[in-house]
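Undergrad: what follows is a predicted protein model with its sequence.
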Amino acid sequence: MSFWTWKAPLYSRVRHLPVLANLLQAEKKSLAALLRAIPPLPGRHLDIGSGTGDGLTLFDHTKKLVCVDASLAMLHQLVHSPKLLARAEFLPFPDAAFDCVSALGVLEYVKEAQACLQEIRRVLTPQGVFLFTSSPPTLANYARGISGERLYLRSTAQIAELLRETGWRQRAHAQTWLQEQWLAEPS
C-alpha cells in the first residue's frame, strides 16, 4: 500500500484543521498575489499534483483546466474533470499544449526536479507561465517527514539554479512560513 492510498481520504480534512488551514491560507494569498502580476491567460491550464482539488480555487478564471496527479487514490478524491494519472516528469501532452502550468506542493515529492522542470517547459507555450511552490529545508518541513513522506527539500538558491539550468526566467518569488511561491516563464 502506498503512502497516498491511506493519506488521500484524510488529505482535505487535515488541511482544514485550524493551524494548517491558517498556514495554507497565507500561502494561497501569496500565490494569488503572484497571479495578479500577470494578465489572465486565455488558453489551457495544466495543474500538476492536483490532489483532492483544494488549490484549484486559485484558477477559477481558467477556461480550460486539466488536472493530473501521480496518485490514483488522490484522483479518486478529486471531483474536477478532466483529470488523469501522470507524473510530473512524464506528462502525456504534446509540446506547447498549455498557456499556464501550476504545481503547488509538488516539487518536494519529485526526486528528479531537473527532469520535471524540463518536462513542464516542454508542454508550456513560449509565452506561458509556470506557478509553483517549493519546500525549503526548514525544521517545519523536516518535521513533515515524521509521517513517512519522502521529501526532497531544496533551498531558494537550489531552486533558482534549477530554474536557470532548465531554461526558466524567474518572474516573481515570495515566501510564507512553510513554503516558497514562484512564478517563472521560459527564457
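TA: Yes, it's here.
Undergrad: doesn't A174 lie inside a strand?
TA: Yes: the assignment for A174 (DSSP: H, G, I helix; E, B strand; the rest coil) places it in a strand.
Undergrad: how many neighbouring residues does it have?
TA: For A174, the number of neighbouring residues by other CB atoms under 10 Å comes to 16. Heads up, the C-betas are built off the backbone N, CA and C, glycines and all.
Undergrad: equivalent analysis for G105, please.
TA: When counting by other CB under 10 Å, one arrives at 19 neighbours for G105.
Undergrad: looking at it now. What's its pLDDT?
TA: We note a pLDDT of 91 for G105 in this prediction.
Undergrad: right, and it touches G51 too?
TA: Yes: counting by CB atoms under 8 Å, G105 touches G51, with 7.3 Å between them.
Undergrad: what is the subsequent helix or strand relative to the longest strand seen in the chain?
TA: When the chain is parsed with DSSP state E, its longest strand is strand 124-134. Tracing the chain past strand 124-134, the next element assigned as helix or strand by DSSP states H and E is helix 139-144.
Undergrad: okay, buried residues for the next helix or strand after that following helix please.
TA: Tracing the chain C-terminally past helix 139-144 and defining elements by DSSP H and E, one meets helix 156-165 next. For helix 156-165, the buried set under the neighbour-count rule, 16 or more other CB atoms under 10 Å, comprises I159, A160, L162, L163.
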